[in-house]
Every structure is written in C-alpha cells, then in structure tokens.
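# got a sequence here, can you model it:
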Amino acid sequence: MNKLILISLVIFFTICSRSWATDFASKVVVLDNSATMYETKTRLVVLKSTGPVGSAGIPNTISIGDEIIVDKTSITVGFIRVKYIDRDMIWNGEVIARKGDITCVVVASLEDIPSDDNKNRKWINIKQCEVIE
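Here you go, the predicted structure:
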C-alpha cells in the first residue's frame, strides 16, 4: 500500500510540475520575427550536429500545407505544435519563457518534433506565435 501511495504522489507531482500545455494549430502568425529553421544531421554514421539553418524566407503567417524554404532547405508544413506557457520557466538562472507566452514548432511530420534521438530532422521554432486556426 505504501508503494502505491508513493508512486501516486510521484506521478501527481510530475504532472503538476509541467509548465505548459500542448495543442496543435492549422494556422499561426509569427510575432516579432521570432522564427528560425533548425536541422539535425547525422554525419559519419555516429556523429550528429544540430544547428540553425536561418530565418530568411520564413513567412509571417504559416499554415498546414505551406512549403517554407530557408537557404535551400525546405519543409512542407504537416503539423504546428503549440505550447501555452502557464508559468515562468527558468533554466540556469535565466528566464527562458514567461507565463502567458505561446511558442510553436512547425514540422513536416510528428517524428520531426525535436527530441534526443538520432533522427535526421528539420523544424521551425517560433519563440512568439499567435494561433489563428
């Protein structure tokens, strides 16, 4: 019985400690030119590198189905993941997001959402976005 209570408490505090809610949109507006395309590439079989491709060419309004080209790298928008920040997020003593912020990630497929695996992927990170649809 004590193990069950402990596990329940761990799950409860893990869920309650999240600082955002996630949703999907079909159309967003990029605010303050805050969008950047990124790419992860595997090089020499075991080495991977992740970095910015750039911002030039990213439109102010992005919709599902749009093709976005930045420095000869393209993404056909399949999904727009939206995060609603519900409290200040601090990392290494620096505020990285404020309560009320809305951020978006634009990808061709759900597998392209940034994570720690070794998959080659491209995505657009929007630090400040507004959901239209």
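
# low-confidence ranges in the protein?
Scanning the chain for pLDDT under 70 picks out the ranges 1-20, 45, 118.

# Q128 is in contact with D101, correct?
Yes: using CB atoms under 8 Å, D101 and Q128 qualify as a contacting pair, with a distance of 6.8 Å. To be clear about C-beta, it is placed using only N, CA and C from the backbone, and glycine gets the same treatment.

# just checking, I69 touches G57?
Yes: between I69 and G57 there is a contact at 5.4 Å, judged by CB under 8 Å.

# surely S74 is in contact with I68?
Yes: in this structure, S74 is within contact of I68 by CB under 8 Å, at 6.6 Å.

# which one's more surrounded, these two?
I68 (19 against 13; other CB atoms under 10 Å).

# show me where this protein has strands.
20-25, 27-30, 35-43, 47-54, 61-63, 67-70, 73-76, 79-85, 89-91, 94-97, 102-107, 121-126, 129-131 (DSSP state E).

# list the contacts of the residue nearest to the spatial centre of the chain.
The residue lying closest to the centre of the chain (CA atoms, centre = their mean) is V105, at 3.6 Å. Contacts for V105 (CB atoms under 8 Å, 6 or more residues apart in numbering) come out as I80, R81, K83, I113, P114, W123, I124, N125, I126.

# from the residues you listed, which is closest to T36?
N125 (5.6 Å; CB to CB).

# neighbours around the closest one, how many?
Using other CB under 10 Å: N125 sits among 16 other residues.

# what of the one 3 residues further on?
Q128 is flanked by 16 other residues according to other CB under 10 Å.

# thanks a lot, catch you later.
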